[in-house]
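below are the sequence and a predicted model for it; my questions follow.
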Amino acid sequence: MRIFPLLIGALGIGLASGESVAPTVLIANGAVAVTSEDFEAFMLRVPENYRPEARSSYEWIGKAADLLYENRVLAEEARRLGHDKDPLIALRMKQVEESFLAQVWTDRFRKAFRPPDVAVRAEEVYRLNPQRFTTPETVSGTQIVISFESRTREMAKAIAEDLYAKARAGADMSELAANFSDDPNLRRERVKGRFVGVRKSGFVEAVSEAVFALKSPGDITPPVESQRGYHIVKLDRKEPARLRPFKEVEAAIVAEEVDRLRNAALEADIARLKSPSTLVVHTKNIEALRVEVDRSVLERANREALQSPGATVPAAR
């Protein structure tokens, strides 16, 4: 039975606000208990920037406390049955602890890192890589799509040419799109074929070439064929490529450079800790762990894993 409903009124203000208070019992069943201190430890698994939101939700807090209680009950039962005495299980428990402590060390290293001033470096990055900070050319306009679906290519072309002629004669492209376009996103009442600030990559290649060849607002492409059908596009506005000012991108460049330096320092410290002069790697012993397995056995195991709900292949850590 889930006990979350019983917790709603029992959780104190100290938990919800994150204040430091003496541990209080949240759930108890004889010698098995979950306290507010357990909850604070559990909060370490939540990214720091998400903790205020988690603390503001009684539902989330209740589910967390319930999970802690369930895990504690099942762990006690596992100990009663002697599962923790299994040498391999005991080693795996140690590995879980080591993995967590390794993550704690990494997180605190990153948090404690104090970068040098990278202002000059940021200006250098900006000056040497202008293409990175250039917004590409974009177009805004109205598009009609006449699909090949449920009609022949010739029928689609005839419809497209008729609509093109109407548009050239002064018919409202938005109304034509709303009434005749086969693209449901373009036919919506609030859209009516209009698009804003689309890059070259936003169109299929043939359409992109035709659209970006348009010169002046009001120009219309003749029907352009793609795999989807025929496209007719009217240009409303073309924005040229623009190099963003340094001040506009400075903060992002600085953050990127700081992160690069932090990662380099982290990797260097890990390498230092992993590779003392006393390090010995027994390569032959590692190679001896490999076992030849018939490919059909692996494929069968993979199929069975895919058919098992929630089954995943564990990642090496």
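Noted; the coordinates are in hand. Numbers count the residues shown, from 1 in each chain.

okay, CA-based contacts and neighbour counts for the rest of this
Fine.

does residue 151 sit in a helix, a strand or a coil?
With DSSP: H, G, I helix; E, B strand; the rest coil as the basis, residue 151 sits in coil.

that one: neighbour count?
By other CA atoms under 10 Å, 11 other residues sit near residue 151.

ok, it - contacts?
Counting by CA atoms under 8 Å, 6 or more residues apart in numbering, residue 151 touches no other residue.

distance of it from residue 184?
17 Å (CA to CA, to the nearest Å).

residue 48 now?
Applying CA to CA, the value for residue 48 to residue 184 is 42 Å.

more neighbours: which of those two?
Taking other CA under 10 Å, residue 48 and residue 184 do not tie; residue 184 has more neighbours (13 against 9).

quick one: least confident helix or strand in the chain?
Every helix and strand in the chain was compared by mean pLDDT, DSSP states H and E; the lowest is helix 13-17, with a mean of 41.

remind me, longest helix of this structure?
Secondary structure assigned by DSSP state H gives helix 246-274 as the longest helix of the chain.

and that helix, what does it pack onto?
helix 87-112, helix 119-128 (3 or more CA pairs under 8 Å, 6 or more residues apart in numbering; DSSP states H and E).

need those helices in a markdown table with distance to residue 166, can you?
Output for the helices and strands packed on helix 246-274, formatted as a markdown table (distance: least, CA to CA, whole Å):
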| stretch | distance to residue 166 |
| --- | --- |
| helix 87-112 | 63 |
| helix 119-128 | 48 |
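
tabulate the ones you listed in CSV, adding columns for distance to residue 179, mean neighbour count and mean pLDDT.
Below are those laid out as CSV (distance: least, CA to CA, whole Å; neighbours: other CA atoms under 10 Å; pLDDT from 0 to 100):
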stretch, distance to residue 179, mean neighbour count, mean pLDDT
helix 87-112, 57, 12, 96
helix 119-128, 47, 14, 97
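
which one, of those helices, ends up nearest to residue 43?
helix 87-112 (13.1 Å; CA to CA).

helices or strands next to that closest one in the packing?
helix 246-274.

next, the angle helix 87-112 makes with the helix it packs on.
Angle, helix 246-274 to helix 87-112, by axes from the mean of the first three to the mean of the last three CA atoms, to 10 degrees: 140 degrees.

tell me which residues in helix 246-274 are buried?
250, 253-254, 257-258, 261-262, 265-266 (16 or more other CA atoms under 10 Å).

from these, pick the one nearest residue 128.
Nearest to residue 128 among those, with distances taken as CA to CA, is residue 253, at 12.5 Å.

and that closest one, what pLDDT?
According to the prediction, residue 253 has pLDDT 98.

nearest spatial neighbour of it, skipping sequence neighbours?
residue 122 (5.7 Å; CA to CA, 6 or more residues apart in numbering).

tell me the contacts of the one you found?
250, 253-254, 257.

and the strands in the stretch 101-250 of the chain, which stretches?
According to DSSP state E, counting those that start in this stretch, the stretch 101-250 of the chain carries its strands in the segments 134-135, 138-147, 194-198, 224-225, 229-239, 242-243.
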